[in-house]
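Peer 1: Turn this into a model:
(chains A and B)
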Amino acid sequence: MKNALDKNHMIEPCIEKSHQATLFAKNITKRYGTGSTEVIAVRDVSLMIQPGEVVLIMGPSGSGKTTLLLILGALLKPTHGEIRMGEEDLVAMSEKKLPEIRLRKFGFIFQDFNLLSALTVKENVAIAAQLAGLKGRQARAKAETILVDLGLEDRLNFLPEKLSGGEKQRVAIARALVNDPALILADEPTANLDSKIGQEVMRMLRRIAKDQNRSVIIVSHDPRIKEIADRVLWLEDGQFKDMVEMALDPVCGMAVERENAPASLEYQGETYYFCADGCQQEFASSPQHFLSPDHSLQHKV
Amino acid sequence: MIRSFRLYEASISTLSVLLLYPYSYEMTISVAVKNLLQDKVRILLSATGVALAVMLILVLNGFVTGLYQQVSAYLDNSPGTLVITQRGVTNMLGATSLIPTDTMDRALELQTVADAVPILSQFVILNLHDLKQPAYLIGYPGGPGTPASRGGPWNIIQGREPLTNGEMVFDQVLAKRHNLRLGDRFELMGQEFKIVGLSDGTTSWMTSFIFLRKVAVEELLRAPEATSFLLVSQEPGIDQAQVINQLKQLEGIEVLPKETIVANDTKLLVEVFSTPLQLMAGIAFFVGVLVVGLVIYTATIERQREYGVLKSIGACNRFLYKLVIIQATVAAALGAIAGIGFALGLAKTIMHFRPEFLIIFESDLIWLALGSSFAISLLAAIVPARTIAKLEPAMVFQRGR
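Peer 2: Predicted coordinates:
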């Protein structure tokens, strides 16, 4: 798993591969308002997603994650930039054509599941297939196949209100998959699930991505999702930033950035980071004392 | 009514445009109906609103239709194609007419005239059980040896036609209301008559018909040989305009086709009432639109997140419009069916207790009701459809909505 990605490092060497990519976004910016009220939600972001790749976008609240997801999913037009799916330029595309693109190229998974309350599990999935042009019986058969694959064979005719959170999210995944999209966009998919179910659902999503060669972009606060991601991107102030790896100073216990730590020291093949030269000197005088179980060891944050 | 039909046609064409869209009907109808049925109170409210509107539209229009029939009933069931009236008189009901006494003989002298039936009529106020009851007195040349229905009662359900000057045929509704039976004596303008027959189809909520021999009415009015109207039958194969031109040569009269007299009577007696009745029907339609519109709008607002979800996964506005329209149409169709049932029940009840009110549901009227409910559903769907059109698919990603 790659943790940190500088946008230029990510894009430039791969520019020639953009035509093979599931999605290629370049210099995406989204501004709201003008003048003194202007807010830049997404700032010059570039991103390329390869087939079968699972990308996790993390970042603090208000960092622009959901706005970026909306833009990548053709639900929101960027102020400027370019988004390509194969030969199609999603930014230049007319509003009338976008529903068709969303229907066939994207699968959406929402935090609140967003199932249609009046429809059964099977109908919730079949409706997406029917919107894409499948006839009723075919759509229901396809929905059923996917739902059975996801372990919902006993819940096909249940209304959403009768399902658990994990089951609802699996139905939402089935709906996202039913039109064979190249890219699945998931917005905080584990936020309403307990830890165990959340991890199960995410593993399921990774398996689907790998088995069916579909790309997945997940926007989440949940650090446990890192496990299933091929790539984790950190969005802050509307920009991708390197994931900062933190370490604890073994002497004073303070968290320090590894790359910007004022001092560091190699000891028995490990690198230790310090908040100041004093701590380094203290550690160097008696390393075993600071590495004893009584003392905090190095941690990744 | 014509306006309502135009609206109906416009609704049909609007819907046909909306129906031309790429998604399967089965899915759309299924989703729409399930959405609607999920809240049974809501659909009940919506259908009841339409049902009441349709019932009012039907009953009020049925009442107007009944009025038309009542006003034209006499001439529709009398002989002849032309009516001769006093010069300047263009109505029959509600008008006083007296034509020259030699008019009938001179008319019958014409080769083009096959028959002429003299009628002496008078609008009278009866005093029945201390209630003033308007009635229309018809004196017609009935009696032994004369062919039936020569300007007299056309449907005697009890008894017979008057054979003497002291006999009368009474309208059965009026008779029933005042407990008058066959053989009863009835005083009219100071003279006593025996009720020998009861006629049907000879009443309206404005007035009822009483039939006497013409001679009896002449005596009653102290106007020997007086004639109000002449019902003229022309020889077969003769152009009506030719007969009218010939009759117009006679002095002191007007010659009018029956239909013109009916139209004039209708204008005088029905249209006075039909305008407010149509206005009430229009208000009922408007209330129906408001009720269904409000219910569907509320349902749309409540489900706007779900509509947003459908938009975000790729449903276009047309599909969502159709969902709303079908919901409104189903509610309106259920309401229309219930409304037709209510209207039939209400009309039957009204006519049972007040038979002078004739309420007629012709097939046109039923189509009007169905068309109205359809128009209600389309109009009711406009605001919710606009709400959906403005819905941003991205809203489903907003938390707490």
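
Peer 1: give me every residue that touches residue 76.
Peer 2: Assuming you mean chain A. Contacts for A:L76 (Cβ atoms under 8 Å, 6 or more residues apart in numbering or on different chains) come out as A:K30, A:T67, A:L70, B:A394. Quick note: C-beta positions are derived from backbone N, CA and C, even for glycine.

Peer 1: I was after chain B.
Peer 2: B:D76 sits next to B:V262 when contact means Cβ under 8 Å, 6+ apart.

Peer 1: Which phi and psi values does it adopt?
Peer 2: For B:D76, the backbone dihedrals (degrees, to the nearest 10) come out as phi -60, psi -30.

Peer 1: what does B:I195 give?
Peer 2: Backbone torsions of B:I195, given as degrees, to the nearest 10, read phi -80, psi 110.

Peer 1: I figured it was touching B:N179, is that so?
Peer 2: No: using Cβ atoms under 8 Å, B:I195 is not in contact with B:N179, being 11.6 Å away.

Peer 1: Could you save the contacts of A:L76 as a markdown table and add columns showing distance to B:P236?
Peer 2: As requested, those are exported to a markdown table (distance: Cβ to Cβ, whole Å):
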| residue | distance to B:P236 |
| --- | --- |
| A:K30 | 88 |
| A:T67 | 88 |
| A:L70 | 83 |
| B:A394 | 80 |
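
Peer 1: now the residues you listed in JSON lines, with secondary structure and neighbour count?
Peer 2: Supplementary listing: the contacts of A:L76 in JSON lines, determined by DSSP: H, G, I helix; E, B strand; the rest coil; neighbours: other Cβ atoms under 10 Å in any protein chain shown:
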{"residue": "A:K30", "secondary structure": "strand", "neighbour count": "22"}
{"residue": "A:T67", "secondary structure": "helix", "neighbour count": "24"}
{"residue": "A:L70", "secondary structure": "helix", "neighbour count": "26"}
{"residue": "B:A394", "secondary structure": "helix", "neighbour count": "18"}
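
Peer 1: Using TSV, lay out those residues together with distance to B:G139 and pLDDT.
Peer 2: Putting those into TSV (distance: Cβ to Cβ, whole Å; pLDDT from 0 to 100) gives the following:
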residue	distance to B:G139	pLDDT
A:K30	92	93
A:T67	92	91
A:L70	88	91
B:A394	83	82
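
Peer 1: Looking at B:I195 and B:N179 now, which is surrounded by more residues?
Peer 2: Higher neighbour count among B:I195 and B:N179: B:I195, with 21 against 9, using other Cβ atoms under 10 Å in any protein chain shown.

Peer 1: list the residues that contact both of B:I195 and B:N179?
Peer 2: In contact with both B:I195 and B:N179: no residue, using Cβ under 8 Å, 6+ apart.

Peer 1: count of neighbours near the closest residue to chain A within the stretch 151-300 of chain B?
Peer 2: Nearest residue of the stretch 151-300 of chain B to chain A: B:A299, at 10.6 Å (Cβ to the nearest Cβ). When neighbours are defined as other Cβ under 10 Å, B:A299 has 22 of them.

Peer 1: my read: it touches B:I43, true?
Peer 2: No: contact criterion Cβ under 8 Å: B:A299 and B:I43 do not qualify, at 9.1 Å.

Peer 1: List the residues that are in contact with both of the two.
Peer 2: Counting by Cβ under 8 Å, 6+ apart, the residues touching both B:A299 and B:I43 are B:L36.

Peer 1: Which residues of the stretch 201-350 of chain B lie near chain A?
Peer 2: B:R305, B:E306, B:V309, B:L310, B:K311, B:S312, B:I313, B:G314, B:A315, B:C316, B:F319 (Cβ under 8 Å from any Cβ of the partner chain).

Peer 1: Doesn't the fourth one belong to a helix?
Peer 2: Yes: secondary structure of B:L310 (DSSP: H, G, I helix; E, B strand; the rest coil): part of a helix.

Peer 1: Report how many residues lie close to it.
Peer 2: Using other Cβ under 10 Å: B:L310 sits among 26 other residues.

Peer 1: for B:V83, helix, strand, or coil?
Peer 2: Counting by three-state DSSP, the backbone at B:V83 sits in strand.

Peer 1: residue contacts, it?
Peer 2: B:L75, B:M92, B:F229, B:L230, B:L231, B:V232, B:V255, B:L256, B:P257, B:K258, B:I261.

Peer 1: of all the residues you listed, which two lie farthest apart?
Peer 2: B:L75 and B:V255 (14.5 Å; Cβ to Cβ).

Peer 1: Which strands or helices does the biggest helix by length in chain A pack on?
Peer 2: Determined from DSSP state H, the single longest helix within chain A is helix A:195-212. Secondary-structure packing of helix A:195-212 (3 or more Cβ pairs under 8 Å, 6 or more residues apart in numbering or on different chains; DSSP states H and E): strand A:54-58, helix A:165-177, strand A:183-187, strand A:215-219.

Peer 1: okay, the ones you listed in JSON lines with mean pLDDT next?
Peer 2: Below are those laid out as JSON lines (pLDDT from 0 to 100):
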{"stretch": "strand A:54-58", "mean pLDDT": "91"}
{"stretch": "helix A:165-177", "mean pLDDT": "91"}
{"stretch": "strand A:183-187", "mean pLDDT": "93"}
{"stretch": "strand A:215-219", "mean pLDDT": "93"}
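
Peer 1: among these, which is nearest chain B?
Peer 2: Comparing the helices and strands packed on helix A:195-212 by Cβ to the nearest Cβ, strand A:183-187 comes nearest, at 5.6 Å.

Peer 1: ok, so what distance separates B:A380 from chain A?
Peer 2: Taking Cβ to the nearest Cβ, to the nearest Å as the measure, B:A380 falls 20 Å from chain A.

Peer 1: Columns mean neighbour count and distance to B:A32 on top of the helices and strands packed on helix A:195-212, output as CSV?
Peer 2: Shown next, in CSV, are the helices and strands packed on helix A:195-212 (neighbours: other Cβ atoms under 10 Å in any protein chain shown; distance: least, Cβ to Cβ, whole Å):
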stretch, mean neighbour count, distance to B:A32
strand A:54-58, 23, 37
helix A:165-177, 24, 19
strand A:183-187, 25, 28
strand A:215-219, 26, 33
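
Peer 1: will you turn the ones you listed into a markdown table that also has distance to B:Q172?
Peer 2: Converted to a markdown table, those look like this (distance: least, Cβ to Cβ, whole Å):
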| stretch | distance to B:Q172 |
| --- | --- |
| strand A:54-58 | 87 |
| helix A:165-177 | 70 |
| strand A:183-187 | 78 |
| strand A:215-219 | 83 |
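
Peer 1: Out of the ones you listed, flag the one nearest B:L212.
Peer 2: Among the helices and strands packed on helix A:195-212, helix A:165-177 comes nearest to B:L212, with 83.0 Å by Cβ to Cβ.

Peer 1: Thank you kindly, that will do.
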